[in-house]
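# Sequence and predicted structure, then a few things I'm wondering about:
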Amino acid sequence: LGNIAQRLSRLWARVANLNELPGIPPAVVADLTSAASSVSARDLERALPESKARIVLLKTRNSTALRTAERWSDNYIYLEPEGAKWLRDHQCAGVGVDSLGIERFGRADGATHKILLAASIAVLEGLDLRAVAPGLYWLACLPLRLTGLDGAPARAILIDDSSGTLLSAWTGHDPIQERN
């Protein structure tokens, strides 16, 4: 699912330590396949109107376009700085994208990264969300423990728990029984 986990600690002081993310947190895969060139705050508001998930994975047209291209293109869908502010304001702990970068290609000021990392929001890049339907999942993200680097290769795995089995085991409540 994922390739790169970032923290860019040498550039910004207040940064999430990827090794301190809670166990296997719930995550929401947001359908942003209609975004034309970038993901804005308005796009996030439409895709996640009532989501309380602290980890947001952005599924865009990159999931298919970049995987079927014969060579890499710098014309990928990215997260706008206003979108990063929306995630910060909604207390997200992490954001993942289905492109090799969360920032607009060639953007020199790093505005999106600065907003996310100043708010201690972990960044996952290079996610393969082609076969993943929008919805709630559990996210296991296992970055290599490397020190002194901006990022690390990571294995990110989504666990579908639509039956509520894992949640039931974790909380001691059976959401399926409670619905009946």
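Now that the structure is in, tell me what you want to look at. All values derive from a computational prediction rather than experimental measurement.
# I'd assumed residue 47 was in contact with residue 31.
Yes: when contacts are counted by Cβ atoms under 8 Å, residue 31 is listed as touching residue 47 (6.0 Å). Any C-beta I mention is one placed from the backbone N, CA and C, and that applies to glycine too.
# For those two, indicate the residue with more neighbours.
When residue 31 and residue 47 are compared for neighbours, residue 47 comes out ahead with 21 against 16, by other Cβ atoms under 10 Å.
# quick one: contacts for the more buried one?
Residue 47 is in contact with 30, 31, 32, 134, counting by Cβ atoms under 8 Å, 6 or more residues apart in numbering.
# which one of those sits closest to residue 123?
Ranked by distance to residue 123 (Cβ to Cβ), those are led by residue 30 at 15.3 Å.
# Quick check: which element contains the closest one?
Mapping residue 30 onto the secondary structure by DSSP states H and E places it in strand 26-31.
# following that strand, which helix or strand comes up?
Tracing the chain past strand 26-31, the next element assigned as helix or strand by DSSP H and E is strand 38-39.
# Can you show me the CA trace of the next helix or strand after that next one as PDB?
Using DSSP H and E, the helix or strand that directly follows strand 38-39 along the chain is helix 41-47. Presented in PDB, the C-alpha positions along helix 41-47 are these (Å, rounded to 0.1, in the frame of the first residue of the first chain):
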ATOM      1  CA  ALA A  41     -10.100  22.200   1.600                       C
ATOM      2  CA  ARG A  42     -13.500  22.200  -0.100                       C
ATOM      3  CA  ASP A  43     -12.800  18.800  -1.700                       C
ATOM      4  CA  LEU A  44     -12.000  17.400   1.700                       C
ATOM      5  CA  GLU A  45     -15.100  18.900   3.300                       C
ATOM      6  CA  ARG A  46     -17.200  17.200   0.600                       C
ATOM      7  CA  ALA A  47     -15.500  13.900   0.800                       C
END
